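**Student:** only geometry, no sequence info:
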């Protein structure tokens with residue numbers, strides 16, 4: 001049986017790159033998405049054409065009941081997951097904190113923090129039931145340490161919460177052989193900038209990055225890929241910064 005990995009928010013961008021690379025490493029991939037069914041199904045078709053196994057499942061990780069449905073579907077269609085990548089995340093629109101409405105702040109925390117926690121809880125229940133020494137990789141952001149002033153302080157705070165949660169959960173689960181890590185990307189060439197209201201943001205921020213450019217989704221996915229692999233078997237509770245020198 002193939003190993004099974006759940007990748008949340010996997011239809012596009014970093015999540016899609018993670019799904020592709022996981023399939024190359026022999027994982028059957030559960031491609032989770034919230035709204036873009038066409039992108040998710042296209043990715044599944046691509047993985048299958050390459051000889052891999054994959055399936056797409058719509059679920060909003062901000063809601064615990066949808067996460068439960070997601071994991072039930074994965075077990076029924078692909079098998080019990082041995083790995084989870086919490087990639088789903090939103091920023092809200094770029095703005096100073098005082099111009100950001102409370103509804104946006106709540107939505108960001110529900111997806112980025114609660115969603116990560118809901119999925120981790122569901123995954124650990126499966127790992128324990130099957131005696132699996134599973135691995136979880138949470139997507140943070142360099143914003144957790146820069147604070148992202150005048151852009152999205154609330155998003156930065158949500159990712160700082162993800163990093164603290166990663167450390168605490170890793171230390172709780174280490175005696176069971178379950179590893180929990182995080183990757184903190186810097187600015188990456190995805191649609192997240194346009195979704196935040198500034199499609200030109202990559203050109204604006206690139207000069208501030210020591211390497212002088214934004215990351216590609218594949219570069220971030222490679223960091224996740226390593227943490228999922230046996231090569232990282234002694235790594236847990238760690239946030240791997242992948243931010244071009246920031």
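**Tutor:** Perfect, I can see it now. In this text, all values refer to a predicted model and were calculated from it rather than measured experimentally.
**Student:** what are the ranges of the strands in the chain?
**Tutor:** Assigned by DSSP state E, the strands in the chain fall at 3-7, 27-33, 54-58, 83-86, 135-139, 179-185, 239-242.
**Student:** What is the first one packed up against?
**Tutor:** Put plainly, it is strand 3-7. The contact analysis (3 or more Cβ pairs under 8 Å, 6 or more residues apart in numbering; DSSP states H and E) places strand 3-7 against helix 13-24, strand 27-33, helix 64-77, strand 83-86. The C-beta positions use only the backbone N, C-alpha and C, and glycine is treated the same way.
**Student:** That one to strand 135-139, inter-axis angle?
**Tutor:** Counting by axes from the mean of the first three to the mean of the last three Cα atoms, to 10 degrees, strand 3-7 points 20 degrees away from the direction of strand 135-139.
**Student:** Sheet partners, orientation included, of strand 3-7?
**Tutor:** When sheet partners are counted by DSSP bridges, strand 3-7 sits next to strand 27-33 (parallel), strand 83-86 (parallel).
**Student:** Low-confidence ranges, this structure, go.
**Tutor:** 1, 193, 196 (pLDDT under 70).
**Student:** Grab the longest helix from it for me.
**Tutor:** As assigned by DSSP state H, the longest helix anywhere in the chain is helix 153-173.
**Student:** What is the burial count for residue 140?
**Tutor:** By other Cβ atoms under 10 Å, the residues close to residue 140 number 30.
**Student:** Repeat that for the one 5 residues further on.
**Tutor:** Using other Cβ under 10 Å, residue 145 has 17 other residues around it.
**Student:** do the same with residue 123
**Tutor:** Neighbours around residue 123, by other Cβ under 10 Å: 26.
**Student:** wait, isn't it in contact with residue 71?
**Tutor:** Yes: counting by Cβ atoms under 8 Å, residue 71 is a contact partner of residue 123 at 7.3 Å.
**Student:** Between these two, which contacts overlap?
**Tutor:** Shared contacts of residue 123 and residue 71 (Cβ atoms under 8 Å, 6 or more residues apart in numbering): 6, 81.
**Student:** What distance separates the opening and closing residues of stretch 223-242?
**Tutor:** Start and end residues of stretch 223-242 are separated by 7 Å (Cα to Cα, to the nearest Å).
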